[in-house]
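J.: here's my sequence, what's the structure:
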Amino acid sequence: MIAVLAGGVGAARLLQGLVQVVDEEELAVVVNTGDDADIHGLHISPDLDTITYSLAGASNPETGWGLAGETWAAMDALERYGGPTWFRLGDRDLATHLHRTGRLAAGATLSEVSAEIASSWDLRLALLPMSDDAVRTRLRLVSGEEVEFQEYFVKLRHAVAVSAVRFAGADRARPAPGVLEALSAADAVLVAPSNPVVSIGPILAVPGIAELLESRRASVVAISPIVAGAALKGPADRLLVELGGESSAAGVARVLTAIAGTLVVDEADTALAGEVERAGMRCVVAPTVMRTPEVAAELSRVALAAAGAGADGGRVVS
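T.: As a prediction, the model looks like this:
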């Protein structure tokens, strides 16, 4: 079995390649829920849905999130009534959130609902929220105001500087059923090329998860979401700098070195191999920009090989 820590579009793209390399039933994906929010009276789980839609072949190819062929009649009507529409939900996507919210209100756990939704899209992998307990990513702006993740990311378009990040509720949260078991039993654990601060950070903040990964870090392989000093999507590069780090593959290594023994970096960052190693991680160089599912599949093979769980690929820099 292969386990993956995942959040956002980068993780979804990696998983689209990984399912070409590993039987879907042999995958357990631990998904960030720090981005979850209650909006329009509905429980929204953006990362769970992005991964579900992507693996089902139903996501919007232009954005990487949401559903292809979406319509917006409900949001247009809400706007007419003067309701808040900065977080827009498509008409088909609304069905997912209505189902999730209703099931949670009836007493189901987020794990149970996530499994139901994945099954309804004919997915066979284990899609595991990091916790059934509420953990919410909150960002303190340099102005002093603290905002929830979706307000920062969508309403403010992540165009404001951040001075601190915290994961509210993480200290009281428990890993969702199956999470620790999957991370312990897996032949290898991959850390997807997700934002290390606000996608991977919340997962590691849930008690027990980071400690388990530290105990097996030699078989944990991370893939850098920073290429040539920049994030391919989202604010990872700026957040790393704003929080006192560095927007580079080496900066990612310094964030993840406690839980991962190897970092896969893009060919554009070959010169940073020494810095990655000084941060305490083995460095593997390979193409990491997943323009197609085929590139994502090859990157998956490289990462699995680095963890000792797949065919050879990539180049180890030592």
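
J.: does residue 167 sit in a helix, a strand or a coil?
T.: The three-state label given to residue 167 by DSSP: H, G, I helix; E, B strand; the rest coil is strand.

J.: for it, give me its contacts.
T.: 34, 135-138, 201-202, 205 (C-beta atoms under 8 Å, 6 or more residues apart in numbering). Heads up, the C-betas are built off the backbone N, CA and C, glycines and all.

J.: tell me the one of those residues nearest residue 307?
T.: residue 201 (21.6 Å; C-beta to C-beta).

J.: how close does that closest one get to residue 191?
T.: 11 Å (C-beta to C-beta, to the nearest Å).

J.: of those two, which one has the most company?
T.: residue 191 (31 against 22; other C-beta atoms under 10 Å).

J.: where does the more buried one fall, phi/psi-wise?
T.: Torsion angles at residue 191 (phi, psi; degrees, to the nearest 10) stand at phi -100, psi 110.

J.: how many neighbouring residues does the residue nearest to it when sequence neighbours are not counted have?
T.: Nearest residue to residue 191 in three dimensions, chain neighbours excluded: residue 222, at 3.7 Å (C-beta to C-beta, 6 or more residues apart in numbering). Residue 222: 30 surrounding residues under other C-beta under 10 Å.

J.: quick one: residues contacting residue 222.
T.: Per C-beta under 8 Å, 6+ apart, neighbours of residue 222: 190-191, 252, 256, 260, 262-264, 281.

J.: for it, grab phi and psi.
T.: The phi/psi pair for residue 222 (degrees, to the nearest 10) is phi -100, psi 150.

J.: residues contacting the residue lying closest to residue 104 once chain neighbours are set aside?
T.: Of all residues not flanking residue 104 in the chain, residue 43 sits nearest, at 5.7 Å (C-beta to C-beta, 6+ apart). Each residue near residue 43 by C-beta under 8 Å, 6+ apart is listed here: 36, 97, 100-101, 104.

J.: can I get those residues in JSON lines including distance to residue 64?
T.: What follows is the contacts of residue 43, written out as JSON lines (distance: C-beta to C-beta, whole Å):
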{"residue": "36", "distance to residue 64": "18"}
{"residue": "97", "distance to residue 64": "19"}
{"residue": "100", "distance to residue 64": "21"}
{"residue": "101", "distance to residue 64": "24"}
{"residue": "104", "distance to residue 64": "26"}
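
J.: could you dump those residues to CSV with distance to residue 164 and secondary structure?
T.: As requested, the contacts of residue 43 are arranged in CSV below (distance: C-beta to C-beta, whole Å; DSSP: H, G, I helix; E, B strand; the rest coil):
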residue, distance to residue 164, secondary structure
36, 20, coil
97, 30, helix
100, 30, helix
101, 30, helix
104, 30, helix
